[in-house]
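**Q** Give me a 3D structure for the following:
(2 chains)
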Amino acid sequence: MSTGPISSGQVYDLGYRGYTGELGGRGASIRAIWVASLRRSIGLRRGWRQKVVPWLLLAVVTVPAIVQVGISYVTRDSPNVDFHLITYREYVGVSNALLLFVGVTAPDLLCPDRRQHVLPLLFSRPITGLDYIFAKTGAVAAVVFTFGFLPQCVLFVGNMLVSDGALDYLTGNLDVLWQVPLAVASLALFLSLVGTAIASLTTRRVVAAAVFLGLGLFSSSVASALTTDGPSLAGLLNLFSLPLQLRDLIFLGHLAGDSKLSGVEGAGPAVLAAYLAVVALASGVLFLRYRWVDR
Amino acid sequence: MGTLAADPPPLLRTQGLTKTFGSTTAVRDLTLEVPVGRIGLVGANGAGKSTFFKLVLGLMRPSAGTIEVNGRSVADDPVRIRQHIGYMPEHECLPLDQSAADVVAMLGELSGLRSRDARQRASDMLDLVGLDEARFRPVGTYSTGMKQRVKLAQAIVADPDVVLLDEPTAGLDPTGRDEMLDLIARLGQEGVSVVMSTHLLADVERTCDHVVMLDGGRLVVSREVETLMVMTGSVTVEVDEGADLLVAELARRGHQAKVVDGRIEVAAPDRDVALDAIRDAVADLDLPLNRLASRMASLDDVFLREAAGR
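**A** Numbering: from 1, shown residues only, chains lettered A, B, ... in the order given. Predicted coordinates:
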């Protein structure tokens, strides 16, 4: 069937039409903020400049896995060569790029909402302050988890495929299957909560990013200065090392030998307590900052 | 035995509603019932209009009293109530680096619309408010009038039972104001209940069926606009020339008259007698008569009268 040329058009005024579909509940609203935040954090529907940081980060954190798998492939026929560029444990939080990512992304998700007075618009919807925090922090945590977990998957699958027996490799490394996600999740939770808590205190992204990264640098310097004579509980002051110490507890059952807490009595429980205290403090800050919409 | 159908609940009902901030009382013992329709919430700056909206939305807890929206208590489930209310804040509140299409769709999803429906309705509502091609540009590039339209579109995207519009014509030029009021009137015609806060009584006169007047957080009056716009007991006369002559002639005939804004206001305790006297005076002076009408009270008159009488 052929159609003739379009000679004219008409504009129809459809007017206002009601919505007859079903409305989702609070879960749908939380999901909407979470998805929008996730999209924003990885630069979807944004300019190329906003895409650079997340995708460059993913590339950076995946490189060690690819190199390791490549080496394993090249040396697969040389049984005497057992070269390990990086272990699964070391790969959790291997790159400061994750810190940089949270330092940039968390403020970008929270600060503009305050600066541009978007919060009244959001909270006129069926959500509470807790829902908002949950969705925003969840989005940062989800990206950090993905970017921490995906390279580990590449490493694991790659190692499995280049090993002599894939099934043997799998059964020989079953522990990794729970250790990696647990350690990466604890890192993602920690960084996202600290990042969003700091971002909730200011309307300026650059200030939030500087405070987040500065806090890491400052706490690390203080901890180093206080542990020059040897390991002590002062090592707990290194804020961003806490999730890595927890990682060591997950993988090794004890702190690593090179830890500034190594050999200190009660250091393991102290790490766990300090980790939980920071998580609780950050959650408390977030709750207080958004409690005005909670009843 | 048949049953009587229950009357539908009022759109808004408050009982002894009070909100205090320290020693300041923003809303004081407000008891009112507002019917479905287009409602004007009028008061000077600081009269408690925005606080009233936040109380209706459940974003603030009342210090005392209750609020119901369509028969549902806000205190019982404020989050659920918000699913059925659209809100257009007064101040700038839009994410400037996102397109109007994205903003309205996201806020639609936030109100519970499915993702695809939210996109479709965002598109429809932006069409309705007159933003078509521009909807894909970042909001930061919009004029004030365009931003107001986006704010209105997001308020109606999820088909709420009632839309709260906080000073919707603020910052608009006369043309933009006209267009915004037309849009609001149109929403009312389409069956959406609208509560519009403003300090411009002319906007309410033009758009609303019911007016709620607040002064210092207190209720001044809540009534149908039509019943408030009663005769004032005076007659307005417009002549092309000789207004002063006519005033003098009417005075000579025993009628009080004065020139106000180029028109002659004649006191008319007995309307028919006054109209006869004016007709005769105009004919005797051979003046070109343009208009002769009973003067209606404006809402400004009503506000001043009611506020003074409290």
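**Q** Please make it C-alpha for all contacts and neighbour counts, starting now.
**A** Noted.
**Q** how about low-confidence regions in chain A?
**A** Across chain A, the ranges flagged by pLDDT under 70 are A:1-14, A:79-82, A:95, A:292-295.
**Q** tell me the centre residue of it?
**A** Centroid check for chain A by CA atoms, centre = their mean gives A:Val144 as the closest residue, at 2.1 Å.
**Q** Name the helix or strand for that one, please.
**A** helix A:129-162 (DSSP states H and E).
**Q** Skip ahead from that helix and say which helix or strand is next.
**A** helix A:166-172.
**Q** If we go by neighbour counts, what in the helix or strand that that next one is followed by is buried?
**A** Tracing the chain C-terminally past helix A:166-172 and defining elements by DSSP H and E, one meets helix A:176-199 next. With burial defined by 16 or more other CA atoms under 10 Å in any protein chain shown, the residues of helix A:176-199 counted as buried are A:176, A:179-199.
**Q** ok, back up a step: list the contacts for the residue nearest to the centre of chain A?
**A** Contact analysis of A:Val144 by CA atoms under 8 Å, 6 or more residues apart in numbering or on different chains lists A:98, A:102, A:188, A:192.
**Q** what about it, distance to A:Gln68?
**A** Note on A:Val144: its distance to A:Gln68, by CA to CA, to the nearest Å, is 22 Å.
**Q** A:Val94 too?
**A** Between A:Val94 and A:Gln68 the distance is 14 Å, computed by CA to CA.
**Q** repeat for A:Thr228
**A** 34 Å.
**Q** Which one's more surrounded, those two?
**A** Legend: neighbour count by other CA atoms under 10 Å in any protein chain shown for A:Thr228 and A:Gln68, higher for A:Gln68 (20 against 10).
**Q** Tell me which residues of the helix or strand where that one lies come out buried.
**A** Assigned by DSSP H and E, A:Gln68 belongs to helix A:48-74. Using 16+ other CA under 10 Å as the test for burial, helix A:48-74 gives A:51, A:53-54, A:57-58, A:60-62, A:64-66, A:68-73.
**Q** likewise stretch B:130-138?
**A** Residues B:130-131, B:134-135, B:137-138 are the ones in stretch B:130-138 that count as buried (16+ other CA under 10 Å).
**Q** now that stretch: mean pLDDT?
**A** Mean per-residue pLDDT for stretch B:130-138: 87.
**Q** what does stretch B:147-166 give?
**A** Stretch B:147-166 comes out at a mean pLDDT of 94.
**Q** ok, residue 288 - how many residues close by?
**A** You didn't say which chain, so I picked chain A. Neighbours around A:Leu288, by other CA under 10 Å: 15.
**Q** right idea, wrong chain: chain B
**A** Per other CA under 10 Å, the neighbour tally for B:Pro288 reads 13.
**Q** What pLDDT does the model give it?
**A** In this model, B:Pro288 carries a pLDDT of 90.
**Q** wait, what's in contact with it?
**A** B:239-241, B:282.
**Q** thinking again about what came up before, can you list the buried residues in the helix holding A:Val144?
**A** Along helix A:129-162, these residues count as buried under the neighbour rule (16+ other CA under 10 Å): A:129-149, A:151-162.
**Q** And stretch A:21-34, by the same measure?
**A** In stretch A:21-34, counting by 16+ other CA under 10 Å, buried: A:23-26, A:28-34.
**Q** and those residues near chain B, which?
**A** Restricting those to those adjacent to chain B (criterion: CA under 8 Å from any CA of the partner chain) gives A:23-26, A:28-30, A:32-33.
**Q** what residues does the stretch 1-150 of chain B put near chain A?
**A** B:57, B:59-61, B:79-83, B:85-89, B:92-96, B:106-107, B:109-114, B:124-125, B:128.
**Q** Helices - which of those residues land there?
**A** B:57, B:79-82, B:106-107, B:109-110, B:124-125, B:128 (DSSP state H).
**Q** Tell me the most packed of these, by neighbour count.
**A** Compared across these, B:Leu110 has the highest neighbour count, 31 neighbours, by other CA under 10 Å.
**Q** Identify the residue nearest it in space, chain neighbours excluded?
**A** Sequence neighbours aside, A:Ser29 is the residue nearest to B:Leu110 in space, at 4.2 Å (criterion: CA to CA, 6 or more residues apart in numbering or on different chains).
**Q** pretty sure the one you found is touching A:Pro126, no?
**A** Yes. Assessed by CA atoms under 8 Å, A:Ser29 is found in contact with A:Pro126 at 7.0 Å.
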